[in-house]
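Undergrad: Sequence and predicted model, in that order:
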Amino acid sequence: MTVLVIAEHDNVSLHVATRHAVGAARLCGGDVHLLVAGHDCATAARTAGRIAGVAKVWLASAPQLAHGLAENVAAQALELLAQEAYTHVLAAASTFGKSVMPRIAAGLDAGQISDVTRVVAPDIFERPIHAGNAIATVQALDAIKVLTVRPTSFNAAPLDDTEAIVQDMTPVDDAGTARVVAVERTVSARAELTSARVVVAGGRGLGSGAGFTVLEPLADALGAAIGASRAAVDAGFASNTLQIGQTGKVVAPALYVAVGISGAIQHLAGIGDAKVIVAINKDAEAPIFGVADYGIVADLFDVVPALVTALQEDEQKQLAA
Ligand SMILES: Cc1cc2nc3c(=O)[nH]c(=O)nc-3n(C[C@H](O)[C@H](O)[C@H](O)COP(=O)(O)OP(=O)(O)OC[C@H]3O[C@@H](n4cnc5c(N)ncnc54)[C@H](O)[C@@H]3O)c2cc1C
């Protein structure tokens, strides 16, 4: 048995989701190989080789692979899958993985199993259905199992000092069906949402984009990433990269603070692995209180500044002690 993991990277550094995907791959059994398809991406490939449990890294480097275009990365993976005997191919269920893996499944004429949260056996997997309200146990009958795995459900394989062999492979031709016109990078000092230990998320209750900024001092005081409900994103209060839930990101922080969020099932689908949930909502009947460990029934515009002041005073006291 050999498992191929499709690496997510920016040509220099690997996205941490790749290490979570390797964590899942190791549970499938057998060797784990990684495909790093990019351009001038030898640094990312070397880091990939340091992930514990990775036996080999395939490196395909060409300009048409520079931006992780799904059409070209999938073609590269299919080329490798045609040459080598793999039993599984998987990637993290990130935006990248969700775009690349269905193309690989279609190319293999295989059924993809998406959003795997547990590897029960090499061919049996658990995945949430109905917005996380039920868990399906699914058996894959295809010769090559095609999976996306939920990063928050698997421990990240650590980096170690031994480097796996990195083997060059011939890059595929440009599919020519899509091209990258521009790349806009969001630079933020905040923790990345999907791996943050603390997340402060805002909903429609914030009322406006200006209202949404009330979360920033709270996030600063808690060292938190900021997230949003879909209603807040659709209303333009927050960027869609911040959306948490069924059609957004899945988070697994130690502390999740939901501010002005009602707790629709599609939102809860993204926070099921949060350890402690705190809800601030002026409606005592809001469904978020059904899942919250601590709830404050009050106007958020009173509570959030008061919390910030209390946290800052607490920090001052600790510094003075
Ligand atoms: C197919 C599908 C996929 C979806 N995917 C997602 C998803 O990924 N993520 C997601 O979040 N949603 C998703 N949704 C939308 C979801 O159903 C809800 O509409 C959405 O989550 C509601 O967002 P909200 O809680 O911010 O808004 P609302 O439901 O409008 O809740 C706002 C809350 O703010 C409270 N509030 C208002 N003012 C204040 C105040 N001053 N102080 C304190 N509290 C206040 C209100 O009491 C209310 O509970 C999806 C829906 C569908 C159909």
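TA: In hand now; what should we look at?

Undergrad: For the stretch 1-150 of the chain, just list every one of the strands.
TA: 2-6, 31-38, 54-61, 88-92, 112-116, 118-121, 124-129, 134-139, 145-149 (DSSP state E, counting those that start in this stretch).

Undergrad: For residue 217, identify the helix or strand it belongs to.
TA: helix 215-222 (DSSP states H and E).

Undergrad: Tell me the buried residues in that helix?
TA: With burial defined by 16 or more other Cβ atoms under 10 Å, the residues of helix 215-222 counted as buried are 215, 217-222. Placement of C-beta: from N, CA and C, glycine included.

Undergrad: repeat for stretch 278-291
TA: Per 16+ other Cβ under 10 Å, stretch 278-291 contains these buried residues: 278-281, 286-289, 291.

Undergrad: same thing with stretch 47-64?
TA: Neighbour count says stretch 47-64 has 47-54, 56-62, 64 buried, by 16+ other Cβ under 10 Å.

Undergrad: anything in the longest helix belonging to the chain near the ligand?
TA: The longest helix of the chain (DSSP state H) is helix 300-320. Yes: judged by Cβ under 6 Å from any ligand atom, helix 300-320 and the ligand are in contact via 300-301.

Undergrad: State the pLDDT value of the closest residue to residue 311 other than its chain neighbours.
TA: In space, and not counting its chain neighbours, residue 311 is closest to residue 221: 4.0 Å by Cβ to Cβ, 6 or more residues apart in numbering. The model reports residue 221 with a pLDDT of 95.

Undergrad: which residues touch residue 221?
TA: Residues counted as contacts of residue 221 (Cβ atoms under 8 Å, 6 or more residues apart in numbering) are 307-308, 311-312, 315.

Undergrad: give me the residue from the stretch 51-200 of the chain nearest the ligand.
TA: Closest approach between the stretch 51-200 of the chain and the ligand, counting by Cβ to the nearest ligand atom: residue 131, at 7.7 Å.

Undergrad: count of neighbours near residue 195?
TA: 17 (other Cβ atoms under 10 Å).
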